[in-house]
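[1] Got a predicted model here, sequence first, then my questions.
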Amino acid sequence: MREILRTTDISDLSDQDIPPMFLQVVERGWSLTAAGGRVLTDLCPEAPGTYVDRLTEETTINGRGMTGYDVPAAPDERTPLLVRRCLAYVCACLRKAQEEFGDTQVKAYVSLSFADTEEGLLTSNVTFCTPLPDVRPYIPDLEAVTDAAVAEISLEDCPAWP
């Protein structure tokens, strides 16, 4: 993932990089669940679910595949577009989280992997969670992941764009 992030031009990220349905999620902001989970308001289910712990609640509610139906299938063209979309969405959501919660504890996880389909298209996922001292990390050994490119992103990692 380091190489993908290093070679993707993110110098002019903006809200225009975020697909409309994801931009709506950003605009609706964040909420707290009854268990104290930090979740994106627009992604909350109608009926509250039961979760093993707060980490599971946050990653389940906040996790989504990034829209890619309108980008080319060739990995060399598709990768930078998906990465830009993910990073623009992540940074906008993390900024909203800081506004809502007054801190930078929420972390984003972006992953890229090839779909297990005949086409084998590159897909991307984004989720958010708040690391807790008494709960296992979302991805315990990030550097050891071999079946996907994964990055943990904090607000401090986000480029400065309005």
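    Cool, the structure landed.

[2] from here on, contacts and neighbour counts on C-alpha atoms
    Fine.

[3] Just the pLDDT at the most centrally placed residue in the chain, thanks.
    Taking Cα atoms, centre = their mean, the centroid of the chain lies closest to residue 126, which sits 2.7 Å from it. Listed pLDDT for residue 126 reads 98.

[4] so it touches residue 67, yeah?
    No: at 10.6 Å, residue 126 does not count as touching residue 67 under the criterion of Cα atoms under 8 Å.

[5] distance of residue 111 from residue 44?
    Per Cα to Cα, to the nearest Å, residue 111 is found 21 Å from residue 44.

[6] Comparing these two, which residue is more hemmed in?
    residue 111 (21 against 17; other Cα atoms under 10 Å).

[7] picking up where we left off before, help me confirm that the residue nearest to the centre of the chain is found in a strand?
    Yes: assignment of residue 126 by DSSP: H, G, I helix; E, B strand; the rest coil places it within a strand.

[8] tell me which element the nearest residue to it once chain neighbours are set aside falls in.
    Distance criterion Cα to Cα, 6 or more residues apart in numbering; nearest residue to residue 126, sequence neighbours excluded, is residue 110 at 4.6 Å. Assigned by DSSP states H and E, residue 110 belongs to strand 107-114.

[9] Next, the contact list for residue 110, please.
    With contact taken as Cα atoms under 8 Å, 6 or more residues apart in numbering, residue 110 is in contact with 86, 124, 125, 126, 127, 150, 151, 152, 153.

[10] okay, now residue 48: neighbour count?
    By other Cα under 10 Å, 10 other residues sit near residue 48.

[11] Next: residue 95.
    21.

[12] check contacts around it.
    Taking Cα under 8 Å, 6+ apart as the test, what residue 95 contacts is residue 155.

[13] Can you tell me how far it is from residue 106?
    10 Å.

[14] ranges for the strands of this protein?
    30-32, 38-40, 64-65, 107-114, 122-129, 149-153 (DSSP state E).

[15] could the ones you listed go into TSV alongside distance to residue 3?
    Formatted as TSV, the strands of the chain follow (distance: least, Cα to Cα, whole Å):
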stretch	distance to residue 3
strand 30-32	31
strand 38-40	29
strand 64-65	21
strand 107-114	12
strand 122-129	16
strand 149-153	10
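
[16] Please work out which of the ones you listed is packed deepest.
    strand 38-40 (a mean of 25; mean count of other Cα atoms under 10 Å).

[17] Over it, what's the mean pLDDT, rounded is fine.
    Rounded mean pLDDT across strand 38-40 is 98.

[18] Paired strands for it, with orientation please.
    Strand 38-40 sits in its sheet next to strand 30-32 (antiparallel), going by DSSP bridges.
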